[in-house]
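[1] here is my input; please provide its structure:
(2 chains)
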Amino acid sequence: MENSIKNVISKGAKQSVLGYLATAGAVLLLLMVFGLAMRTAQAGGMDIPAEIFYQLMTAHGIGMVGIAGMCGAAIMWYFLGQYVKLSTPIFLLNMVLFLVGVVMILGAIFIGGFAGAWTFLYPLPANSAGAWADISAVVHLSGVLIIGVGFLLFHLDTGWGILKQYGSLGKALGWPQLFGNSTADAPPPTVVASTMVLIVNVLGLVSGASILVISMVNILVPEFSIDPLLGKNMIFFFGHVFINATIYMGVIAVYEILPRYTGRPWKSTRPFLFAWTCSTLFVVIVYPHHLLMDINMPTWMAVMGQIISYLSGLPVLVVTAFGALAYVHRSGMNWGMPASLLFLAVFGWAAGVIPAIVDGTIVVNLVLHNTQWVPGHFHTYLLLGVVPMAMGFMYFITDNDGSGIDRAAFWAFVVGGFGFIFTFLWAGKEGVPRRFAEHQSEWMSVDSMGAIFAALTILGVAIFAIRFLTQLGQTAKS
Amino acid sequence: MQDLAWNISLWLMLLLAAAFIYVVLKSGEKADAAEVQSGAGKIRAALFWIILIAGVPVTMVTLTDLPYAAQSDSAAQIVKAEGSQFNWDITPTTIVAGKPVEFHVTAIDATHGFAVYDDSMTLLTQTQAMPEYTNILKYTFAKAGTYKILCLEYCGSGHHVMSEEITVIAGGK
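    The predicted structure follows:
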């Protein structure tokens, strides 16, 4: 059987994955501290000048997107490499390009003063009202572009491996089993998910690279410009696809690790294959839900954005979340740290879909768009979805089922994380804008609560990360 | 609308949490996997159809009255709003309650967000303000008062200070 082939992960390959995770863990903590500083400043507990606040915001945003991508890539590469042949040098090249990009981005932000947000919304990078020099914007966008090139190479390598093993993307998505009469085993969930991510992320990265280059040319040659609405479409298509792909890469950890605790292998059933094929399409065409307040967008695109937002929830809720429940239910589960974190991650992802879908409703978006409701819902599936996926993988790969301190960290993370996202959602309901360096006094009490919960969350993640690094040190010694 | 969004989100998230907690509590028991999967398959099919069927009327109702102006209304009060880093140029700033208003919103340098708040800082409506485009936002103010315009799209270092006020007077005055 093709899908029973399991390549042995070499020592070098595993060390490469550990390198990704160690980098991601350290940078994640730093960026979480940036986030805490911003919440504290909004609460009036810290005086951060507006230009520094927006620099922190830019670093926090682009950094978190990049780190989520690195964690997702590490998980996907580790498990996909057990089914198809992948290139360790290309995997490492992606990390090198990532680090080069990070240095450029940090330099552009904290030396050059760039603060165009992670969305670098055209034509803001070129029109900073004197806040940063053109060269800072170009260096920043170049850094993002270099990181994007690294990810593109990474995906092309996974695509090459998948095509060599399965013959076509359709076969790797299980279409012969889904639409045809094939009685052969469908590809394993890891291969199906990796193929979906390959398809959507290549499209997203090409769009992102295009608008990055366009923006840079616009900065250097102001006579060259494009339709700002077209630029916005390209940015949000790239941004939506890339950040969603991090979740779809991360969930591979759930498919691969959770069964080791339940004793029930996660199978590529027909509903599973159908869900992933639908998600492939939905992730590509749903991005107009970010542009519902652009009245000049074609109405059919806004309507499609709402409808596809609704439909996008079905594969997540009915297949992955429900699947996790069914696999764990009455399984005699051993709740080690990897299993606990991954089960939490499925809940975080599914729970985050709910306020996202609500906000994807046009008439609701009218009063919630760009309020703190938005970071409320995306932190739910990133902070409480992708982060525990990565942390669960860290505990798994270091063979650590956890002790008392890990359990304490887990509950600090749960209480802090949910408290944190609910303060965002509540503030969004109250109309508090996102991305404001200074808040009105009536908004500060909920900001204060958000900062306290954020500190608790960081405490949990710090313990996870320290435990991971400690285990790494012990493994290296042994 | 905001309260409705909050309540729907909160209760559905709690319902989802209840399902996860129930499964955690039952996870210590050991049952035959095929038996569990068989029962779960039926529940999943039912869940799929319940969500899909419930989604159809919700979609239809929420799409019936979209805030997109197909055409300019000749009877409406026209208010021109132009965003720039970091202020709003709004003309006129006094309008009449009870009569439809059309905000013709644009920008000159970067993308901004034109958001209307009432005196209790409840967000009433919004649209994007973008160079090269004029977005027509329709709204009818029910009562007189002072309303605040904030920028809701990050536009640079003065984004948070980009604020203006408009005055709505009672009809007939």
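[2] contacting residues around the residue positioned nearest the centre of chain B?
    The residue lying closest to the centre of chain B (CA atoms, centre = their mean) is residue B:125, at 7.1 Å. With contact set as CB atoms under 8 Å, 6 or more residues apart in numbering or on different chains, residue B:125 has these partners: A:366, A:367, B:67, B:115, B:116, B:137, B:139. Every C-beta, even on glycine, is put in place using the N, C-alpha and C of the backbone.
[3] can you pull out the strands in chain B?
    B:77-84, B:87-91, B:94-96, B:100-107, B:112-117, B:123-129, B:135-140, B:145-151, B:163-169 (DSSP state E).
[4] near chain A at all, the helix or strand of chain B with the lowest mean pLDDT?
    When each helix and strand of chain B is scored by mean pLDDT, DSSP states H and E, helix B:33-62 comes last, with a mean of 88. Yes - contact of helix B:33-62 with chain A (CB under 8 Å from any CB of the partner chain) involves B:33, B:36-37, B:40-41, B:43-44, B:47-48, B:51-52, B:55, B:58-59, B:62.
[5] thinking again about what came up before, redo the contacts of residue B:125 as a markdown table? Include neighbour count and distance to residue A:168.
    Conversion of the contacts of residue B:125 to a markdown table gives the following (neighbours: other CB atoms under 10 Å in any protein chain shown; distance: CB to CB, whole Å):
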| residue | neighbour count | distance to residue A:168 |
| --- | --- | --- |
| A:366 | 21 | 44 |
| A:367 | 22 | 46 |
| B:67 | 18 | 44 |
| B:115 | 27 | 48 |
| B:116 | 22 | 52 |
| B:137 | 25 | 48 |
| B:139 | 20 | 52 |
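[6] return the member of those residues nearest to residue A:341.
    Set against residue A:341, the nearest of the contacts of residue B:125 by CB to CB is residue A:367 (35.1 Å).
[7] wait, the closest one sits on residue B:118?
    No - Residue A:367 is beyond contact range of residue B:118, at 11.4 Å (criterion: CB atoms under 8 Å).
[8] what do those two both touch?
    residue B:124.
[9] next one: phi and psi at residue A:314?
    phi -60, psi -50 (degrees, to the nearest 10).
[10] what's the spacing between it and residue B:45?
    12 Å (CB to CB, to the nearest Å).
[11] looking at these two, which one has more neighbours?
    residue A:314 (19 against 12; other CB atoms under 10 Å in any protein chain shown).
[12] isn't that one right up against residue B:49?
    No - with contact defined as CB under 8 Å, residue A:314 does not count as touching residue B:49 (10.7 Å).
[13] confirm that residue A:273 sits in a helix.
    Yes - read with DSSP: H, G, I helix; E, B strand; the rest coil, residue A:273 is one of the residues of a helix.
[14] want to throw the contacts of residue B:125 into TSV with distance to residue A:77 and pLDDT?
    Converted to TSV, these look like this (distance: CB to CB, whole Å; pLDDT from 0 to 100):
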residue	distance to residue A:77	pLDDT
A:366	42	95
A:367	42	96
B:67	44	85
B:115	43	97
B:116	48	97
B:137	47	93
B:139	51	93
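[15] now, among those residues, which is nearest to residue B:20?
    residue A:367 (30.0 Å).
[16] in which helix or strand would I find the closest one?
    helix A:362-368 (DSSP states H and E).
[17] what comes into contact with that helix?
    A:289, A:292-293, A:302-303, A:305-306, A:358-359, A:374, A:428-429, A:431, B:1-2, B:4-5, B:62-63, B:65-67, B:123-126.
[18] can you pull out the low-pLDDT segments for the chain?
    The chain I'm using is chain A. Applying pLDDT under 70 to chain A flags residues A:1-8, A:476-478.
[19] that's the wrong chain, I meant chain B
    Ranges of chain B meeting pLDDT under 70: B:69-70, B:172-173.
[20] if I pick residue B:37, what's in contact with it?
    Contacts of residue B:37 (CB under 8 Å, 6+ apart): A:264, A:326.
[21] near chain B, which residues of the stretch 351-478 of chain A show up?
    Counting by CB under 8 Å from any CB, the stretch 351-478 of chain A sits next to chain B at A:351, A:354-355, A:358-359, A:361-364, A:366-371, A:373, A:425-426, A:428-431, A:433-438, A:440, A:442.
[22] show the buried residues in those.
    The neighbour count (16 or more other CB atoms under 10 Å in any protein chain shown) marks A:351, A:354-355, A:358-359, A:361-364, A:366-371, A:373, A:425-426, A:428-431, A:433-437 as buried among those.
[23] for chain B, what's its nearest residue on the stretch 151-300 of chain A.
    With CB to the nearest CB, the shortest gap between the stretch 151-300 of chain A and chain B falls at residue A:295, namely 4.1 Å.
[24] what helix or strand is that residue on?
    Counting by DSSP H and E, residue A:295 is part of no helix or strand.
[25] the one 10 residues further on too?
    With elements delineated by DSSP H and E, residue A:305 resides in helix A:299-314, which encompasses its position.
[26] show me what that helix is packed against.
    helix A:270-285, helix A:337-359, helix A:362-368, helix B:33-62 (3 or more CB pairs under 8 Å, 6 or more residues apart in numbering or on different chains; DSSP states H and E).
[27] got the phi and psi for the residue of chain B positioned farthest from its centre?
    Most distant from the centre of chain B: residue B:32, at 47.2 Å, with distances by CA atoms, centre = their mean. Backbone dihedrals for residue B:32, given as degrees, to the nearest 10, come out at phi -60, psi 130.
[28] is stretch A:24-39 positioned near chain B?
    No - shown here: stretch A:24-39 not in contact with chain B (CB under 8 Å from any CB), separated by at least 12.2 Å.
[29] so how far is that stretch from its chain's centroid?
    Centre-to-centre, stretch A:24-39 and its host chain are 15 Å apart (CA atoms, centre = their mean, to the nearest Å).
[30] residue contacts, residue A:371?
    Contacts of residue A:371 by CB under 8 Å, 6+ apart are A:427, A:428, A:429, A:431, A:432, A:433, A:434, B:123, B:152.
[31] mind picking the two most distant members of those residues?
    Every pair of the contacts of residue A:371 checked by CB to CB; the farthest is A:429 and B:152, at 15.0 Å.
[32] mind listing the helices for the stretch 151-300 of chain A?
    A:169-172, A:175-179, A:189-220, A:228-262, A:270-285, A:299-314 (DSSP state H, counting those that start in this stretch).
[33] show me what the longest one is packed up against.
    If I follow you right, that is helix A:228-262. So helix A:228-262, by 3+ CB pairs under 8 Å, 6+ apart, packs with helix A:50-80, helix A:189-220, helix A:270-285, helix A:322-328, helix A:337-359, helix A:387-397.
[34] now do that helix and helix A:189-220, the angle between them.
    Using axes from the mean of the first three to the mean of the last three CA atoms, to 10 degrees, the direction of helix A:228-262 lies 150 degrees away from that of helix A:189-220.
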